[in-house]
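> Following is a predicted model, sequence given first.
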Amino acid sequence: MNYSKMLKLNIILVLSVLAGAQLAGAMDICFAANMASNDDIKEAPATAVVTENDGKTNEVGVSGSYLSSQFSRSNGDIESATKSLESVYNQNKDSIDVANQLMGLYLLGGHVEKAMEIASAVYKSHDKDPISSLMLSLRSIKNNDSASASNILDKLSDEEGGQLWLPLISAWLDVEQHKLVKPLMMEELSAEVGRAAPIVNYHLALINSQAGFTKAAIENFKHSIEDPTRPPQRVMEMLIKFYEKNNSPEALKPSVTAYRNSHPDLVKSKIPLINNMKDGAAEILLTMGSIMLAADVTQDATLYLQLALYLKPDMELAIVALAQSYTELQQFGIANELLSKIPESSILFNSAQLYSAVNLGHLNKSDEAIAKLDGLIKESPNNIEAYMAKGDLLRMQSRFADAVSVYETALRAIKEKGAQHWPIYFAIGTSLDKQGNWPDAEKNLRRSLELSPNQPDVLNYLGYSFLMRGENFTEAKNLIEKAIKKRPTDPQIMDSMGWALYLAGDYKEAVIYLERAVSFLPADFTVHEHLGDVYWRLGRKTEARFEWDRSLTYAKDSSVTEEIEKKLKNGLPDKSSSDALDKKAKNLSANTIVTQ
């Protein structure tokens, strides 16, 4: 696991009003626009086109352009994807699905005004379409036209009451127009709140505070924190602002005191207030974008965050979060352009510099990245994230000994090791393994599990390593089974599970996992080789050779290709042969696997 991915979790803890698994749980009642998804379009319409040169009907439809758009988008080429889908839209302007996808691509490319043009076209004939209604209401909010925004959203009240964003944005419009005559409380919302109650209470606190309903806001703030030991930073920032503005309400004093004691630097920062409809709507979009980002629904996260910045271009948290979204989409240059907008005076500046260094590494500018990280470390010797990012960059260059040295320096800077430090030991363990020092690697991997026993990455790595070394088969299988329960759709863990079952002689079960794994990892030579092996044992020898041939296509190591070529020529040894045990399981004890 690349530790730099953990940076995403850190920004989520700042942005979110929920912690951990609850972020993803809140998604099902949020407005998941999915504008950049093709889930709703099963087949592009085949439209006959009349060519200009001969006047004859050319039976070439838009399917090619549509598929080209999907292919380009899947490869991160947003510009080409947009051009192809524009061609589809121009011939299918009555298709809301195509229009919504094009809006999504415009937003992904940062072309918000173009997205607004499509929204206007859709709205003319479908004034209850939630996506175009949201877009146009935001345009009205940006132009300080609360009445027009209310008129747009009021049409959705009957049919779209289940959308969580609707009552919250509508409430800010009512506040702006002095129409909120009593506190807005949870039970009055038409949307089903469920596990998102802390999110909703946070936004209700902001709304009721601005409307002058102080007592209600106090109750909302109290219920916006689910775990007092780990209160979300964004919530606490706004809670403290409210606390200071309203004569220090006694009911909030314990939370404020505890947070100030543990976060002295944050208390001193100048955090902008949320005190109008534009700020309120932007905060809702920021929250929803952070939920999507935490749940790995990255394209939808990007759309929400673009809209948040459309309303509030200087919203620093949204800038950093949007940069993180583009990093996840492997648009590293765009991400760094965004991060460069964070000024040195911002409390997010060091984080932005850290993310920028990680992106430089992805752009093959490792020397520049390491220099930037060294600067951060020099300025703040206890900056653990900077050490970890530097270690990851060194690992990317196969400088494993140097990486271990950096990771160990990070450990020495930590006074008390806790569950949050499991990635450091994991990184050390994998680096030592790459150097051939398995005994010390195993010690660090086990230490990582001691700190956080349910981490799928560590469970899988240690379990699969045991399989590859022919050691501790029972423990290896247990570790992998535990990993796949935690992350059942991870293709790497699927492959490990399939291989463990293969070594145990359970070929029928093994093939299920390996076929699923290869569908997610079509260019992974190991998965193809494993699937070929299990096909051979099932008597599906033609399919086995096909998979081995695919494996040979992607394999680069000469020792690996030599082994695969032997299989292509001779197949696997007969099950009854004494030396037919797979080379990866040759040391497994006889009572733990079936002799092949």
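Sure thing, it's come through.
> tell me the pLDDT at residue 372?
At residue 372 the predicted local distance difference test score is 93.
> contacting residues for it?
By CB atoms under 8 Å, 6 or more residues apart in numbering, the contact set of residue 372 is 353, 356-357, 360. Any C-beta I mention is one placed from the backbone N, CA and C, and that applies to glycine too.
> what about the helices in the stretch 51-200 of the chain?
Along the stretch 51-200 of the chain, counting by DSSP state H, counting those that start in this stretch, helices occupy 63-74, 78-91, 96-108, 112-125, 130-142, 146-154, 165-176, 197-210.
> Need these in JSON lines (columns: distance to residue 516).
Formatted as JSON lines, the entries for those read as follows, by distance: least, CB to CB, whole Å:
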{"stretch": "helix 63-74", "distance to residue 516": "19"}
{"stretch": "helix 78-91", "distance to residue 516": "27"}
{"stretch": "helix 96-108", "distance to residue 516": "28"}
{"stretch": "helix 112-125", "distance to residue 516": "36"}
{"stretch": "helix 130-142", "distance to residue 516": "33"}
{"stretch": "helix 146-154", "distance to residue 516": "43"}
{"stretch": "helix 165-176", "distance to residue 516": "35"}
{"stretch": "helix 197-210", "distance to residue 516": "34"}
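> now those as TSV including mean neighbour count, mean pLDDT and distance to residue 323?
Listed next are these as TSV, based on neighbours: other CB atoms under 10 Å; pLDDT from 0 to 100; distance: least, CB to CB, whole Å:
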stretch	mean neighbour count	mean pLDDT	distance to residue 323
helix 63-74	18	74	20
helix 78-91	19	86	15
helix 96-108	25	89	14
helix 112-125	18	93	17
helix 130-142	23	94	21
helix 146-154	18	94	28
helix 165-176	23	92	23
helix 197-210	25	93	23
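> now stretch 214-222: mean pLDDT?
Mean predicted lDDT for stretch 214-222 stands at 94.
> Repeat that for stretch 511-529.
Per-residue pLDDT values over stretch 511-529 give a mean of 94.
> Tell me how far it lies from the chain's centre.
Relative to the centre of its chain, stretch 511-529 is centred 23 Å away, using CA atoms, centre = their mean, to the nearest Å.
> which parts of that stretch are buried?
Across stretch 511-529, burial judged by 16 or more other CB atoms under 10 Å covers 511, 513-518, 521, 524-529.
> and the longest helix anywhere in the chain, what does it pack onto?
Once the chain is assigned using DSSP state H, the helix that runs over the most residues is helix 277-294. In this structure, helix 277-294 packs against helix 6-15, helix 22-25, helix 130-142, helix 165-176, helix 197-210, helix 298-311, helix 316-328, with contacts taken as 3 or more CB pairs under 8 Å, 6 or more residues apart in numbering; DSSP states H and E.
> Can you show me the CA trace of the last one as PDB?
Put plainly, it is helix 316-328. Taking Å, rounded to 0.1, in the frame of the first residue of the first chain, the C-alpha atoms of helix 316-328 are listed here in PDB:
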ATOM      1  CA  GLU A 316      -9.500  26.500   0.500                       C
ATOM      2  CA  LEU A 317     -10.800  23.200   1.800                       C
ATOM      3  CA  ALA A 318     -12.700  22.700  -1.400                       C
ATOM      4  CA  ILE A 319      -9.600  23.500  -3.400                       C
ATOM      5  CA  VAL A 320      -7.500  20.900  -1.600                       C
ATOM      6  CA  ALA A 321     -10.300  18.300  -1.700                       C
ATOM      7  CA  LEU A 322     -10.700  18.900  -5.500                       C
ATOM      8  CA  ALA A 323      -7.000  18.500  -5.900                       C
ATOM      9  CA  GLN A 324      -7.200  15.200  -4.100                       C
ATOM     10  CA  SER A 325     -10.000  14.100  -6.400                       C
ATOM     11  CA  TYR A 326      -7.900  14.900  -9.500                       C
ATOM     12  CA  THR A 327      -5.000  13.000  -7.900                       C
ATOM     13  CA  GLU A 328      -7.300  10.000  -7.500                       C
END
